[in-house]
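A.B. asks: quick one, what's the 3D model for this:
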Amino acid sequence: MLPYRLNRNRVGPMSHAHTSFPARIVRDPDILVGKPVIRGTRISVEVVLDYLAHTPDFPELFADYPRLTIEDVQACLEYAQGLVTAEDEDA
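C.D. replies: As a prediction, the model looks like this:
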């Protein structure tokens with residue numbers, strides 16, 4: 001099953017293009033005490049993941065955080081996947 005892309009007006013399959021989270025996710029000790037955030041915002045990866053875990057509704061997410069893009073969300077998921085993968089390799 002393909003993941004879905006939200007095109008503000010419709011939802012459809014996403015491409016398998018690789019999103020590079022380092023270009024979108026940054027850590028700066030002066031922003032949210034160094035938590036990973038979406039570049040140019042104070043929206044943390046943690047907030048996006050928590051939101052989706054409790055309210056997996058993209059239109060609602062984008063309404064609540066209008067600066068977010070689907071690419072930002074993909075970058076957050078990719079970032080989290082990298083952490084889980086690293087934990088698996090350490091186990």
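A.B. asks: from here on, just use CA atoms for contacts and neighbour counts.
C.D. replies: Fine.
A.B. asks: now the helices: where do they sit in this structure?
C.D. replies: With DSSP state H as the criterion, the chain has helices at 21-24, 45-54, 58-64, 70-90.
A.B. asks: pull out the buried residues from the second one.
C.D. replies: Read that as helix 45-54. Within helix 45-54, the residues that count as buried by 16 or more other CA atoms under 10 Å are 45, 48-49.
A.B. asks: of the helices of the chain, which is nearest Arg39?
C.D. replies: For the helices of the chain, the distance to Arg39 is smallest for helix 21-24, at 5.2 Å, taking CA to CA.
A.B. asks: ends of stretch 31-39, what's the gap?
C.D. replies: End-to-end distance of stretch 31-39: 10 Å, with CA to CA, to the nearest Å as the criterion.
A.B. asks: what comes up buried for it?
C.D. replies: Applying a neighbour-count criterion of 16+ other CA under 10 Å, one finds 35-39 buried in stretch 31-39.
A.B. asks: need those residues in a markdown table with distance to Tyr65 and pLDDT, can you?
C.D. replies: Listed next are the buried residues of stretch 31-39 as a markdown table, based on distance: CA to CA, whole Å; pLDDT from 0 to 100:
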| residue | distance to Tyr65 | pLDDT |
| --- | --- | --- |
| Lys35 | 18 | 96 |
| Pro36 | 17 | 96 |
| Val37 | 13 | 97 |
| Ile38 | 12 | 96 |
| Arg39 | 14 | 95 |
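A.B. asks: which one of those residues is nearest to Gln81?
C.D. replies: Pro36 (13.8 Å).
A.B. asks: quick one: the closest residue to the closest one other than its chain neighbours from Glu89, how far?
C.D. replies: Distances taken as CA to CA, 6 or more residues apart in numbering place Arg27 nearest to Pro36, at 4.6 Å, with adjacent residues excluded. Distance of Arg27 to Glu89, computed by CA to CA: 23 Å.
A.B. asks: so which of those two has more stuff around it?
C.D. replies: Arg27 (16 against 8; other CA atoms under 10 Å).
A.B. asks: of all the buried residues of stretch 31-39, which comes closest to Leu68?
C.D. replies: Ile38 (8.4 Å).
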